[in-house]
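Enquirer: What follows is a predicted protein model with its sequence.
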Amino acid sequence: MVASSPPPGDVEVDADADAPSPWLVVVGVVAVIVGVVFRFTARSALWLDEALSVNIASLPLGELTDALRHDGHPPLYYVLLHGWMEVFGSSDVAVRALAGLWAVLLIPLVWYTARELAGPTAAWCATILAALSPFAVRYGTETRMYSMMAVLALVGFLCGRAAMIRPTPLRLVGVAVSTGLLLWTHYWSMWFAGVAGLLLLATFVRRRRARRTHEAGAPLKVLGAIVVGGLTFLPWLPHLWYQSQHTGTPWARPMRPAEIVSVMVIDFGGGVTGEAAVLGWGLVFLAVAGLVARSAGPFRLDLDLRARRSARVPAALVGGTLALACVAGYASGATFASRYAAVIHPLVVVLAGIGLAQFRPRWLTAVALVGIVGLSAVGLVRNVTTERTDAARNAEAIEAVAQPGDLVAYCPDQLGPSGSRALDVELEQVTYPAFDPPERVDWVDYQERIDATDPEQFGAELSDRAAGRNLFLVYSTSYDTHRSICPALFNVLARARAPQVLAEATEAFEPSGVALFPVAAG
């Protein structure tokens, strides 16, 4: 899935690219080992998105389509996770391991891609960046489809590049299959495939105008393979249309393009820390260097704004995908989460590895790697030590005082999937606004249903349901859709029963607290 790749003779490599420094190989191997370990190391309980993934994938396969119409994603990852859990179970470690395997597979693919584009030295530099990437590790330890999407995007790029050099049937099949799998995995793949198609069309036009008719067939064949892959997605289009009209991303506001870039870059570095910002922008600097800079001897880089030939297509895919997604998302009112950028992250890492390989003398590369490793370590350790959700802590607080049959309410309902998964006792559990079970969130017309629900009325009915029982309220004020609603519900319940706060919200990614409204004595 790539526009114009040069024939083998045009691939640019450094003069000493065939002889990477031995220390660089050693560091690369160690980085891979460390990176693999961290991809299977996460102690936090599953947060909302992860618990939703497990709960949806636990359904019979025949019920997945309807469940996803109320969720907002294509089905491929959930089908795979369903089969995975049939074999390995549904523990936190088991369900996260599927993403971990995809994340491990990404490392050799990054090495191979960078080697094809710029030689072995760039390959080892990119490998170190990929292995220790806090972004890649985070989504390698999350029960979601993002590491899978990253792998499929890079496989699609490699298949497309190979097909542009020699469009054999097998290579074209690879393009079609990777395109189809991508589209069935995540909707941001549409922007990636769309940009690839535009680049291919531009390449065809350019070659025809240059009268290179003998080379004009390859981009059309690759474009045709992308179209064939896209056709496999047609059966899902009615569901996509329904989701776009009724689900969307009601949990956050749309972002401006500058906000999207800033959030994405910082998350590429590992999240909301100073070290993450430095690492993220450092990665961008190296990627730009990989595109326009070339070593000109010790301590010198020559800039060529025409860009390195072998880096043009990866850079165009990164920039084009991001630009198209920004425009489409802002126009449709959809928000942005940096995890969506997993589709372009591997190519950013490859470009950064090429940039790092331009440093001369080689001890400059070593110095840069020391800084990168240090900054990455902060993100890797943070991924292990930081709780993603307060769900487990809340569950412990509830279980310490709950009696069988007590009532637990979640406000908002987005706390239900992780909270109910963490609870280990038999309790009745309901969610605001519709008294639904807590295992899933119904995103259909979400904001409209929230607006139509009166916290006063809901609280009165909740109190009636809890007659003769303890009532627990798991609540949060960090959700834009519920900032005033959950406190209002708390106050309604407090008028009938004296509340006892069992746990307050922390700084977890998914913060929440829990209060007990005990049954009246007597």
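Expert: Sure, I can see it.
Enquirer: When you work out contacts or count neighbours from here on, use the C-alpha atoms and nothing else.
Expert: Will do.
Enquirer: What helices and strands are in contact with the helix or strand where Val37 lies?
Expert: Using DSSP states H and E, Val37 maps to helix 22-38. With contacts taken as 3 or more Cα pairs under 8 Å, 6 or more residues apart in numbering; DSSP states H and E, helix 22-38 sits against helix 120-131.
Enquirer: For the helix it packs on, give the mean pLDDT please.
Expert: Helix 120-131 shows a mean pLDDT of 97.
Enquirer: can I get the CA coordinates of the following helix or strand past that helix in CSV?
Expert: The helix or strand immediately downstream of helix 120-131 is helix 134-140, counting by DSSP H and E. Provided in CSV are the C-alpha atoms of helix 134-140 (Å, rounded to 0.1, in the frame of the first residue of the first chain):
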residue,chain,number,x,y,z
PRO,A,134,6.8,3.9,25.3
PHE,A,135,3.9,4.4,22.8
ALA,A,136,4.4,0.9,21.2
VAL,A,137,4.8,-0.7,24.6
ARG,A,138,1.7,1.0,26.0
TYR,A,139,-0.5,-0.4,23.2
GLY,A,140,1.3,-3.7,23.3
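Enquirer: Could you find the closest non-adjacent residue to Val228?
Expert: Ala176 (5.8 Å; Cα to Cα, 6 or more residues apart in numbering).
Enquirer: do the same with Ser244
Expert: Of all residues not flanking Ser244 in the chain, Gly72 sits nearest, at 7.9 Å (Cα to Cα, 6+ apart).
Enquirer: before we move on, back to that, pull out the buried residues from the helix holding Val37.
Expert: Neighbour counts over helix 22-38 (16 or more other Cα atoms under 10 Å) mark 24-25, 27-29, 31-32, 35-36, 38 as buried.
Enquirer: who touches it?
Expert: Identification of contacts with helix 22-38 by Cα atoms under 8 Å, 6 or more residues apart in numbering yields 104, 107, 121, 124-125, 127-128, 131-132, 137, 380.
Enquirer: what angle separates it from helix 120-131?
Expert: Counting by axes from the mean of the first three to the mean of the last three Cα atoms, to 10 degrees, helix 22-38 lies at 20 degrees to helix 120-131.
Enquirer: got a list of contacts for the very next helix or strand once past helix 22-38?
Expert: Heading C-terminal from helix 22-38, the first helix or strand you meet, by DSSP H and E, is helix 48-57. By Cα under 8 Å, 6+ apart, the surrounding residues in contact with helix 48-57 are 64, 67-68, 78-79, 81-82, 90, 95, 142-144, 414-418, 421, 439-441, 510.
Enquirer: Please convert the buried residues of helix 22-38 to JSON lines, extending it with distance to Thr335 and pLDDT.
Expert: Shown next, in JSON lines, are the buried residues of helix 22-38 (distance: Cα to Cα, whole Å; pLDDT from 0 to 100):
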{"residue": "Leu24", "distance to Thr335": "40", "pLDDT": "96"}
{"residue": "Val25", "distance to Thr335": "41", "pLDDT": "96"}
{"residue": "Val27", "distance to Thr335": "39", "pLDDT": "96"}
{"residue": "Gly28", "distance to Thr335": "37", "pLDDT": "97"}
{"residue": "Val29", "distance to Thr335": "38", "pLDDT": "97"}
{"residue": "Ala31", "distance to Thr335": "34", "pLDDT": "98"}
{"residue": "Val32", "distance to Thr335": "34", "pLDDT": "98"}
{"residue": "Gly35", "distance to Thr335": "31", "pLDDT": "98"}
{"residue": "Val36", "distance to Thr335": "32", "pLDDT": "98"}
{"residue": "Phe38", "distance to Thr335": "30", "pLDDT": "98"}
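Enquirer: before we move on, back to that, need the three-state assignment for the residue nearest to Val228.
Expert: Three-state assignment for Ala176 (DSSP: H, G, I helix; E, B strand; the rest coil): helix.
Enquirer: how near is it to Gly282?
Expert: Distance of Ala176 to Gly282, given as Cα to Cα, to the nearest Å: 35 Å.
Enquirer: Which one's more surrounded, these two?
Expert: Just comparing Ala176 and Gly282: by other Cα atoms under 10 Å the higher neighbour count belongs to Ala176, 27 against 18.
Enquirer: How many neighbouring residues does Gly174 have?
Expert: 25.
Enquirer: ok, now how distant is it from Val87?
Expert: Separation of Gly174 from Val87 (Cα to Cα) stands at 28 Å.
Enquirer: Ala316 now?
Expert: Taking Cα to Cα, one finds Ala316 at 41 Å from Val87.
Enquirer: Val292 now?
Expert: Distance, Val292 to Val87, by Cα to Cα: 48 Å.
Enquirer: So which of these two has more stuff around it?
Expert: Val292 (19 against 10).
Enquirer: Identify the residue nearest the more buried one in space, chain neighbours excluded?
Expert: Per Cα to Cα, 6+ apart, closest to Val292 is Ala307, 4.5 Å.
Enquirer: so that neighbour, which of the three states?
Expert: Assigned state for Ala307: coil (three-state reduction, three-state DSSP).
Enquirer: pLDDT weak spots in the stretch 1-150 of the chain?
Expert: In the predicted model of the stretch 1-150 of the chain, residues 1-18 satisfy pLDDT under 70.
Enquirer: just the strands in the stretch 401-522 of the chain please.
Expert: 407-411, 428-431, 471-475, 500-503, 513-517 (DSSP state E, counting those that start in this stretch).
Enquirer: average pLDDT for the fourth one?
Expert: Taken as a whole, strand 500-503 carries a mean pLDDT of 96.
Enquirer: List the buried residues in that strand.
Expert: In strand 500-503, counting by 16+ other Cα under 10 Å, buried: 502-503.
Enquirer: And it, what does it pack against?
Expert: For strand 500-503, the packing partners by 3+ Cα pairs under 8 Å, 6+ apart are helix 391-401, strand 513-517.
Enquirer: Over to the first one?
Expert: Under the contact criterion of 3+ Cα pairs under 8 Å, 6+ apart, the helices and strands touching strand 407-411 comprise strand 428-431, strand 471-475.
Enquirer: Next, the angle from that strand to strand 471-475.
Expert: Using the same axes, to 10 degrees: strand 407-411 against strand 471-475 is 20 degrees.
Enquirer: Run through who's touching strand 407-411.
Expert: In contact with strand 407-411 (Cα under 8 Å, 6+ apart) are residues 416, 427-433, 438, 466, 469-476, 482, 486.
Enquirer: Adjacent strands (with direction) for that strand?
Expert: Paired with strand 407-411 in the same sheet, following DSSP bridges, are strand 428-431 (parallel), strand 471-475 (parallel).
Enquirer: Then the fourth one?
Expert: Looking at strand 500-503 with DSSP bridges, its paired strands and their directions are strand 513-517 (antiparallel).
Enquirer: I'd like the distance from the partner strand to the chain centre, please.
Expert: Its chain's C-alpha centre and that of strand 513-517 lie 32 Å apart, by Cα atoms, centre = their mean, to the nearest Å.
Enquirer: now the angle from it to helix 391-401?
Expert: 20 degrees.
Enquirer: can you give me the mean pLDDT across strand 513-517?
Expert: 97.
Enquirer: In PDB, list the C-alpha atoms belonging to that strand.
Expert: What follows is strand 513-517, C-alpha atoms only, in PDB (Å, rounded to 0.1, in the frame of the first residue of the first chain):
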ATOM      1  CA  GLY A 513     -14.200   7.400  43.600                       C
ATOM      2  CA  VAL A 514     -16.800   5.400  45.500                       C
ATOM      3  CA  ALA A 515     -19.300   6.400  48.200                       C
ATOM      4  CA  LEU A 516     -21.400   4.200  50.500                       C
ATOM      5  CA  PHE A 517     -25.000   5.300  51.200                       C
END
